[in-house]
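Colleague: could you work out the structure for the sequence below:
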Amino acid sequence: MQQPDIQSFAFFDVDETLLNFKSMFSFRAFLFREEDAAENKAATFFAALHEMAARCDRSEVNRWFYRSLAGYTPSDIAAAVDRWFDMLQSEVSPVYISKTVDFLETVRANGVEPVFVSGSSDFILAPFANALNVRHLLCAHLVVENGHYTGELAHQPVIGEGKRLAIQSFAAKHNISLQTAYAVGDHISDLPMLETVGHPTVVTGHPELEAIAQARQWPML
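Modeller: This next block holds a predicted model:
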């Protein structure tokens, strides 16, 4: 079937917008499970993560999370992602939030190309992008030196204001008006992205963002 001409773009948050879980945390837990049968490191890591999340900006938590991947090679991580994705298909149901996937397919049928916008990383998001036929990822990229991840991000985290900046840069590169674009998110941290487009849509589940959507008469899924 012939694909419609691209009229604009739809920017989708991923975790708990398209996926029923937080992809970064799910992958890290899987990696710990493979490497640490006693789960001592996993429990310590996630306790520290939740403590940090309670007192720090989400962007700082994002940077701290990726430092835990320092020393891995891209090939080792890619192989682990493949095993994790296979595990999700058999152990997690449903993987996707159907109402959001339906919306993605609806806008795509109308010539609006979906784009992932996420604080998650390119290697974590890749299998979901392939499954949903999404070509563009605005997300975390880790620095590689001497064949290993350093644990540092190559750019600002794609969270909060970082999402707004990422989609503005993408729009300029592709010569599109963001007033014709869509954005879909579930959390208050997605608000800068939602406010930047002409067609914001909120996935329900976060009362603060739902209240804003209701006040501004934004559609909700």
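
Colleague: next helix or strand past the top strand by length along the chain?
Modeller: The longest strand of the chain (DSSP state E) is strand 112-121. Note on strand 112-121: by DSSP states H and E, the next helix or strand toward the C-terminus is helix 122-132.

Colleague: can you pull the contacts of the spatially most central residue of the chain?
Modeller: Centroid-nearest residue in the chain: residue 118, 2.9 Å away (criterion: CA atoms, centre = their mean). Contacts for residue 118 (CB atoms under 8 Å, 6 or more residues apart in numbering) come out as 13, 14, 15, 23, 125, 137, 138, 139, 140, 158. From N, CA and C alone the C-beta is placed, and that goes for glycine too.

Colleague: gap between it and residue 14?
Modeller: Applying CB to CB, to the nearest Å, the value for residue 118 to residue 14 is 4 Å.

Colleague: which residues do these two both contact?
Modeller: Residues touching both residue 118 and residue 14 (CB under 8 Å, 6+ apart) are 23, 125.

Colleague: please tell me I have it right and residue 187 contacts residue 202.
Modeller: No. Using CB atoms under 8 Å, residue 187 is not in contact with residue 202, being 9.5 Å away.

Colleague: so for these two, which sits in the more crowded spot?
Modeller: Applying other CB atoms under 10 Å to residue 187 and residue 202 shows that residue 202 carries more neighbours, namely 26 against 19.

Colleague: if I look at that one, how far off is residue 219?
Modeller: 7 Å.
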